[in-house]
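S.K.: sequence first, predicted coordinates after that:
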Amino acid sequence: MNINRHVADLSNGLENVPVSLEGSSAALTFPEFRYSPDNIQGPGCTIDPSEVTLPGCSCLSHSCFAESCSCLQTHGQAYDSTGTLLNLSTTDSGFCSPVFECNALCTCSDACCNRVVQRGLRLRLEVYSTKNRGWGVRALEAIPHGTFVCEYAGELISLEEARCRQLAQRSEENNYIIAVREHAGTGSITETFVDPAVVGNVGRFLNHSCQPNLFMQPVRVHSVVPRLALFAGRNIEAQEELTFDYSGGYNNQPPVELLSTQSDAAVQARRTDGLQRKECHCGANNCVRFLPLDLSILN
């Protein structure tokens, strides 16, 4: 869609609060895309993310309690009474413990403390033109540690479709595809591929940082298909740019495959399997100089 830079809401009313667009960003061409606050079923995806497939609880209280709620007893309590994520320490996979929210089949109220991501955007965010990294997103209000910020929503696609799209990309184009792999503990791996290039939400404008202030957490609400939710990894000030690590980590430690940043390895690192690796301009002290590149999609 064509966006008027002077519109008050980039989401066209689809979010609970308007998503602002900086009005003085004439230096950059705004991308054409269709705004969607939720994931949609894309090519190769066999599951409709809008379909309710998880069982619900039978709680009749205003908010669920761990002692009596089947959802919380089965999956554990993820949030406190204010909706803040409780377990903020990540595992080896980069994620906190699995998060399951009460869903459309639950009889608890919409104000239940175990309903957070499904309530959608609650914070005032602005898409703006950064100095040297294209479009970015900043907070228009202070965000406390552990607060849900926004989803990374787009088309849910298959591995094969992700591979085709990545191979078809030109060097000057941005790669929006996020691949999330969850280890179930029994040797099985669940893979989720989201591409917000054509259909997406405000999350598509978030930049990478080697020292981010957001971390990604898969959250299941109505479906077994996870939502890729982004939470504040620390207290965030108003006007601060919001970033996350495209490789999925959040311990301010670069992924193993990107540790080599010495000058004699720079030329080799710039190209990987014929794909152009883009330079990172996050400015962090621990910057590894190149944006993460998931080659497993191409194998």
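M.R.: Cool, the structure landed.

S.K.: what is the neighbour count of N39?
M.R.: The number of residues packed near N39 is 27, by other Cβ atoms under 10 Å. Using the backbone N, CA and C atoms, a C-beta is placed for each residue, glycine as well.

S.K.: chain neighbours aside, what residue packs nearest to it?
M.R.: Of all residues not flanking N39 in the chain, P49 sits nearest, at 4.6 Å (Cβ to Cβ, 6 or more residues apart in numbering).

S.K.: one more: T243?
M.R.: Nearest residue to T243, sequence neighbours excluded (Cβ to Cβ, 6+ apart): S209, at 3.6 Å.

S.K.: I figured that neighbour was touching C282, is that so?
M.R.: Yes: using Cβ atoms under 8 Å, S209 is in contact with C282, at 4.1 Å.

S.K.: overlap in contacts, those two.
M.R.: T243 (Cβ atoms under 8 Å, 6 or more residues apart in numbering).

S.K.: let me know the secondary structure of the closest residue to D294 other than its chain neighbours.
M.R.: In space, and not counting its chain neighbours, D294 is closest to A179: 5.3 Å by Cβ to Cβ, 6+ apart. Using DSSP: H, G, I helix; E, B strand; the rest coil, the secondary structure recorded for A179 is strand.

S.K.: tell me what A179 is bridged to.
M.R.: According to DSSP bridges, the partner residues bridging A179 are F193.

S.K.: distance of it from E172?
M.R.: According to Cβ to Cβ, to the nearest Å, A179 stands 22 Å off from E172.

S.K.: who's more crowded, the two?
M.R.: A179 (16 against 7).

S.K.: roughly how far does the more buried one sit from R165?
M.R.: Distance from A179 to R165, by Cβ to Cβ: 12 Å.

S.K.: same thing with P292?
M.R.: Separation of P292 from R165 (Cβ to Cβ): 17 Å.

S.K.: ranges for the helices of this protein?
M.R.: Along the chain, counting by DSSP state H, helices occupy 70-75, 159-168, 263-270.

S.K.: weakest of the ones you listed in terms of mean pLDDT?
M.R.: Lowest mean pLDDT within the helices of the chain: helix 263-270, at a mean of 36.

S.K.: most centrally placed residue in this protein?
M.R.: The residue lying closest to the centre of the chain (Cα atoms, centre = their mean) is Y152, at 3.4 Å.

S.K.: relative to N103, how far out is that one?
M.R.: 20 Å.

S.K.: what bits of the stretch 51-200 of the chain have low per-residue confidence?
M.R.: Applying pLDDT under 70 to the stretch 51-200 of the chain flags the ranges 89-96, 185.

S.K.: one more time with 50, if that's ok
M.R.: 91-92 (pLDDT under 50).

S.K.: sorry, back to before: what sits against the residue nearest to the centre of the chain?
M.R.: Taking Cβ under 8 Å, 6+ apart, we find Y152 in contact with 178, 194, 196, 201, 203-204, 206, 216, 228-230.

S.K.: look up how far E101 lies from it.
M.R.: Y152 is 17 Å from E101, by Cβ to Cβ.

S.K.: cool, P226 as well?
M.R.: 11 Å.

S.K.: do the same with N235
M.R.: Using Cβ to Cβ, we find N235 at a distance of 24 Å from E101.

S.K.: who's more crowded, those two?
M.R.: Neighbour count, other Cβ under 10 Å: between N235 and E101, E101 has more, with 24 against 13.

S.K.: my read is that the more buried one contacts R119, right?
M.R.: No: between E101 and R119 there is no contact under Cβ under 8 Å: 9.5 Å.

S.K.: ok, and the closest non-adjacent residue to N114?
M.R.: Leaving aside its sequence neighbours, N114 sits nearest to C102 (Cβ to Cβ, 6+ apart; 4.6 Å).

S.K.: tell me how many other residues surround that neighbour.
M.R.: 28.

S.K.: L60 too?
M.R.: A count of nearby residues for L60, using other Cβ under 10 Å, gives 10.

S.K.: I'd guessed it sits against C69; true?
M.R.: No: in this structure, L60 is not within contact of C69 by Cβ under 8 Å, at 10.8 Å.

S.K.: ok, and for stretch 232-245, which residues are buried?
M.R.: Residues of stretch 232-245 classed as buried by neighbour count (16 or more other Cβ atoms under 10 Å): 232-233, 236, 241-245.

S.K.: span of it from start to end?
M.R.: 12 Å (Cα to Cα, to the nearest Å).

S.K.: separation between the closest residue to V225 other than its chain neighbours and E151?
M.R.: Leaving aside its chain neighbours, V225 sits nearest to P49 (4.6 Å; criterion: Cβ to Cβ, 6+ apart). According to Cβ to Cβ, P49 stands 11 Å off from E151.
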